[in-house]
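> Below are the sequence and a predicted model; questions follow.
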Amino acid sequence: MKYAVIRGEGYTLAHVPDFVKHNSVFAVLEKRLDKESEILRDLPKSLRSFQEAIEYLPHQVYIGELTPDTLRHHALPWYNKPVEKADRFGPHGEIMSQDEFIGVLKIADVFDLIRLEKSFVSKIRNKLTQHPLFNEARLKRLKEGESREIIEYHIKNMKAMPLLIDDEVIGCVKRAHEFDPNLTAEVFFENMVTKASGMLTAWNLLDRNQVDVADIDYVIECSESAAGDMSQRGGGNFAKAVAEGIGAVNASGSDTRAFCAAPVHAIMEAAALVQAGIHQNVLVVAGGTSAKLAMNAREHIRRGIPVLEDVIAGFAVLISENDGINPIIRTDLSGKHTVSTGSSPQAVITSLITAPLDKGGLKMKDIDRYAVEMQNPDITKPAGAGDVPEANYKMIAALGVKREELEQKEVATFGEKYGFQGWAPTQGHIPSGIPYIGHARASILSSDITRAMIVGKGSLFLARLTNQFDGVSFVLEKNSGEIEDNWEEKMSEDDVRHMMAKMMKKFAEELLKDQTD
């Protein structure tokens, strides 16, 4: 089979403490419930500086500056163990400051609904000029800015949402329609955050992997955001918007939505498109979401912990034709949680982990690393949600014991040997296996590992449409160096006969079923 490969990746974080304070769902709800709450009072002193965000251990792992195994060398909590000489740029991406990211929001705005104050624009233009990703063409989209009086007018009289830094208004977000509830300033802002962070991450991928943007012919966006209007609330298309924003002039695109599991679905779809010869280079990208900022802040603040959910995360992966070098996506070793699978841990792990391995005649130990929901325990444990990756690895190991592929004594150390501690921001779609892809690609290319399994799971019941949840997985594998263009011609006569017999049997069964019905 001619497999597709992962040719490049990008990961970004935008540190946005003032979004937490003024524009997050957390802050809006807290103010609505009690404007004088202790949580709101204590929030400002619980926010981190940009330097503290750069020095945060999980963030350094996210952008590839440190490996995931580094986390096991540091006991929890991690927020009080800053990384010395930490850099905002890493092999896989970057950590961006809030003021720069607001500049990217404006660059991504094609309807001129984000208005920034003149002096702020001048400051950001000078700052972004020093950034390796921003050329004159991109900076031109910042325009010249508005007077403070015009911005204040839009906020006071036109229902615009203020943008603040250190409690000073530096701009606003205008509503996108006079009365459409899906185009209010607040909803438009959330969607622009997703688009802008997706663009930033795509630019990082293109730059760091030396990819010509003109070579991308399809984009799949797989965040949890939904853009539309009152007649089609989730119509999309973030993918086409990102493609336009990054200058992918030869690309079309579409959105894939499946809550947390969407990125793994999207990568499988991209691999299938490439294998089928429909597209040569498919960019899978997901921006972050402002709605998920500070989700666990109440518990963190009560315990004297900094607000750790203060970043907008993004990721991008480029899926291309087999080049004989990069890791291949084993689409024949994919797992899926079906409608009939059920919700028991054993059934879920069987469908996502062991069922795909059985297809290839592999054992659990044939996978060097499993990347499950890489939620950061520094965030989840104080909030009462436990250590999510650790729980997943224990379930995988327990099934391995039942299958007699692991000994009971290996359960306790399975996660350490075959998994990781989590490092991903809690932004739904971001943690589900995806943060490891960049590290996995590097480890496979350096022959440190041969195979990795990426697992995504999603909570479909959140939409109140079904009680089902979702899951999908695939295997990344070291490239053999052989590009099998005509794999069907290599089948033996016995293989062909066997395949035809199976097809005829299936046809006969379906025909008999139709006659019976």
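Looks like it came in fine.

> can you pull out the strands in the stretch 201-350 of the chain?
218-221, 252-255, 281-286, 311-320, 328-336 (DSSP state E, counting those that start in this stretch).

> Deepest-packed of the ones you listed, please.
Counting by mean count of other CB atoms under 10 Å, strand 281-286 has the highest mean neighbour count of the strands of the stretch 201-350 of the chain, with a mean of 30. For every residue, glycine as well, the C-beta is placed using N, CA and C.

> Give the partner strands of that strand in its sheet and their orientations.
Each strand that pairs with strand 281-286, with its direction, by DSSP bridges: strand 218-221 (parallel), strand 311-320 (antiparallel).

> Quick one: residues in contact with the first one.
Contacts of strand 218-221 from elsewhere in the structure, counted by CB atoms under 8 Å, 6 or more residues apart in numbering, are 198, 236-240, 242-243, 248, 251-256, 266, 269-270, 273, 278-279, 281-287.

> if we go to 7 Å?
198, 238-239, 242-243, 248, 251-256, 266, 269-270, 273, 279, 282-286 (CB atoms under 7 Å, 6 or more residues apart in numbering).

> cool, stretch 381-393 as well?
Outside stretch 381-393, the residues touching it (CB under 7 Å, 6+ apart) are 296, 299-300, 303, 305, 372-375, 377, 380, 414-415, 419-422.

> would JSON lines of the strands of the stretch 201-350 of the chain with mean pLDDT and distance to residue 404 be doable?
JSON lines is the format used below for the strands of the stretch 201-350 of the chain (pLDDT from 0 to 100; distance: least, CB to CB, whole Å):
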{"stretch": "strand 218-221", "mean pLDDT": "98", "distance to residue 404": "39"}
{"stretch": "strand 252-255", "mean pLDDT": "98", "distance to residue 404": "43"}
{"stretch": "strand 281-286", "mean pLDDT": "98", "distance to residue 404": "37"}
{"stretch": "strand 311-320", "mean pLDDT": "98", "distance to residue 404": "35"}
{"stretch": "strand 328-336", "mean pLDDT": "96", "distance to residue 404": "20"}
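
> Out of the ones you listed, flag the one nearest residue 463.
strand 252-255 (15.3 Å; CB to CB).

> Pull the residues that contact the closest one.
Residues from elsewhere that reach strand 252-255 (CB under 7 Å, 6+ apart): 218, 219, 220, 221, 236, 237, 238, 239, 240, 243.

> Skipping adjacent residues, who's closest to the third one in space?
With CB to CB, 6 or more residues apart in numbering as the criterion, residue 220 has its nearest non-adjacent residue at 4.6 Å, and that residue is residue 266.

> Near the one you found, how many residues? Count them for me, please.
Per other CB atoms under 10 Å, the neighbour tally for residue 266 reads 30.

> Could you measure from it over to residue 353?
Relative to residue 353, residue 266 is positioned 20 Å away (CB to CB, to the nearest Å).

> repeat for residue 442
In terms of CB to CB, residue 442 sits 23 Å off from residue 353.

> Have a look at these two and say which one is more surrounded.
Counted by other CB under 10 Å, residue 442 and residue 353 do not tie: residue 353 has more neighbours, with 24 against 17.

> My understanding was that that one contacts residue 396; is that so?
Yes: using CB atoms under 7 Å, residue 353 is in contact with residue 396, at 5.7 Å.

> what's near enough to touch residue 423?
58, 61, 62, 68, 71, 374, 376, 435.

> Let's have those residues in a markdown table, adding neighbour count.
Below are the contacts of residue 423 laid out as a markdown table (neighbours: other CB atoms under 10 Å):
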| residue | neighbour count |
| --- | --- |
| 58 | 27 |
| 61 | 30 |
| 62 | 30 |
| 68 | 23 |
| 71 | 22 |
| 374 | 28 |
| 376 | 29 |
| 435 | 31 |
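
> Quick one, which of the strands paired with strand 281-286 gets closest to residue 78.
That would be strand 311-320 among these, by CB to CB, at 14.3 Å.

> Any idea how far the closest one is from the middle of the chain?
6 Å (CA atoms, centre = their mean, to the nearest Å).

> Return it as PDB; C-alpha atoms alone will do.
C-alpha atoms of strand 311-320 as PDB (Å, rounded to 0.1, in the frame of the first residue of the first chain):
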ATOM      1  CA  VAL A 311      -2.800  30.300  26.600                       C
ATOM      2  CA  ILE A 312      -4.400  29.900  23.200                       C
ATOM      3  CA  ALA A 313      -3.000  26.700  21.700                       C
ATOM      4  CA  GLY A 314      -2.700  25.700  18.000                       C
ATOM      5  CA  PHE A 315      -1.300  22.800  16.000                       C
ATOM      6  CA  ALA A 316      -0.700  22.000  12.400                       C
ATOM      7  CA  VAL A 317       0.400  18.800  10.600                       C
ATOM      8  CA  LEU A 318       1.300  18.400   6.900                       C
ATOM      9  CA  ILE A 319       0.200  15.100   5.300                       C
ATOM     10  CA  SER A 320       2.000  14.400   2.000                       C
END
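
> Buried residues in whatever helix or strand residue 27 lives in, which are they?
Residue 27 is part of helix 25-33 when elements are defined by DSSP states H and E. By neighbour count with 16 or more other CB atoms under 10 Å, helix 25-33 contains the buried residues 25, 26, 27, 30.

> any chance you could map the helices in the stretch 401-517 of the chain?
411-418, 437-445, 493-516 (DSSP state H, counting those that start in this stretch).

> Can you list the helices and strands that the shortest one packs against?
Taking 3 or more CB pairs under 7 Å, 6 or more residues apart in numbering; DSSP states H and E as the contact definition, the neighbouring helices and strands of helix 411-418 are helix 388-402.

> and the helix it packs on with helix 411-418, angle?
110 degrees (axes from the mean of the first three to the mean of the last three CA atoms, to 10 degrees).

> Helix 388-402: which residues count as buried?
Buried positions in helix 388-402, judged by neighbour count with 16+ other CB under 10 Å: 388-401.

> Among those, which one sits closest to residue 7?
Nearest to residue 7 among these, with distances taken as CB to CB, is residue 389, at 27.0 Å.

> how far away is the closest one from residue 376?
Separation of residue 389 from residue 376 (CB to CB): 9 Å.

> tell me, what's touching the two both at once?
Common contact partners of residue 389 and residue 376 (CB under 7 Å, 6+ apart): residue 422.

> quick check: domain ranges of the protein?
5-320, 328-489 (automatic domain parsing).

> Please state the offset of the first one from the chain centre?
Using CA atoms, centre = their mean, the mean C-alpha position of domain 5-320 is found 11 Å from that of the whole chain.

> Looking at strand pairing, list the partners for the residue nearest to residue 337 when sequence neighbours are not counted.
Leaving out its chain neighbours, the residue that sits closest to residue 337 by CB to CB, 6+ apart is residue 471, at 3.6 Å. Per DSSP bridges, the residues bridged to residue 471 are residue 457.

> With distance to residue 329 added, can I get the contacts of strand 252-255 in JSON lines?
Listed next are these as JSON lines, based on distance: CB to CB, whole Å:
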{"residue": "218", "distance to residue 329": "15"}
{"residue": "219", "distance to residue 329": "17"}
{"residue": "220", "distance to residue 329": "14"}
{"residue": "221", "distance to residue 329": "19"}
{"residue": "236", "distance to residue 329": "24"}
{"residue": "237", "distance to residue 329": "24"}
{"residue": "238", "distance to residue 329": "23"}
{"residue": "239", "distance to residue 329": "19"}
{"residue": "240", "distance to residue 329": "24"}
{"residue": "243", "distance to residue 329": "22"}
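
> how near is residue 122 to residue 173?
Distance from residue 122 to residue 173, by CB to CB: 20 Å.

> neighbour count winner among these two?
residue 173 (25 against 14).

> show me what contacts that one?
Applying CB under 7 Å, 6+ apart, one finds that residue 173 lies in contact with 113, 114, 160, 161, 163, 185, 188, 189.

> try it again with 8 Å
Residue 173 sits next to 113, 114, 115, 160, 161, 163, 185, 186, 188, 189, 192 when contact means CB under 8 Å, 6+ apart.

> ok, now how distant is it from residue 184?
Distance of residue 173 to residue 184, given as CB to CB: 9 Å.

> Residue 269 too?
32 Å.

> Residue 87 now?
Counting by CB to CB, the gap from residue 87 to residue 184 is 38 Å.
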